[in-house]
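1. requesting a structural model of the entry that follows:
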Amino acid sequence: MAFFGKIVAPRDEKKRLSPIQMHDFDDSEIIKQFEKTLVGRVLNPKQTHWVKALIAFLPEVWKCQDRVKGINMETGKFQFRFDQESDITQVLARRPYHFDGWFFALERWIPTSRIDFPSSIPMWIQIHNLPDCRCYEKGVVEIKEKLGDLMA
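-> Numbers count the residues shown, from 1 in each chain. Predicted structure coming up:
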């Protein structure tokens, strides 16, 4: 969530150079507010211009136009706030998604300060003609280590 306003930098050099310390606080209300939110991010920085079109298009693809609201968060990020948990479950189960030939990351909102969140795209892969001598747990684990984390 972005907060907008104008801040005037202090003229005192000592104040200007000191880092801002954020105090711990109870974030349970924020977590509750965003529990039915998905966050997306365009992974190709040259394609951030189509976020508005993506926000308009995806609810139709998901067949939940009246139950979701898209928000452009700028810099290639966007949010979708859903009315129903079942819609979120359906949307996440049908990943990965792409728009105009480009994949984008889409994850459930979590309280994080990572600027690159979300950054992963779960993919279903199927490996054909795997030799019998590799069709065992150790062989599959070896393949998984080369490709990424295995999602059950």
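
2. helix or strand with the lowest mean pLDDT in this protein?
-> helix 13-17 (a mean of 61; mean pLDDT, DSSP states H and E).

3. which other residues reach stretch 112-130?
-> 39-41, 43, 95-96, 103-107, 110, 139, 143, 147, 151 (C-beta atoms under 8 Å, 6 or more residues apart in numbering). C-beta: built from backbone N, CA, C; applies to glycine.

4. about what we covered before: which residues are in contact with the helix or strand just after the least confident helix or strand of the chain?
-> Per DSSP states H and E, helix 13-17 leads on to helix 28-33 as the next helix or strand towards the C-terminus. Identification of contacts with helix 28-33 by C-beta under 8 Å, 6+ apart yields P111.

5. got phi/psi on F57?
-> Phi and psi for F57, reported as degrees, to the nearest 10, are phi -90, psi -40.

6. sorry, that was for A93
-> Main-chain dihedrals, A93, degrees, to the nearest 10: phi -70, psi -20.
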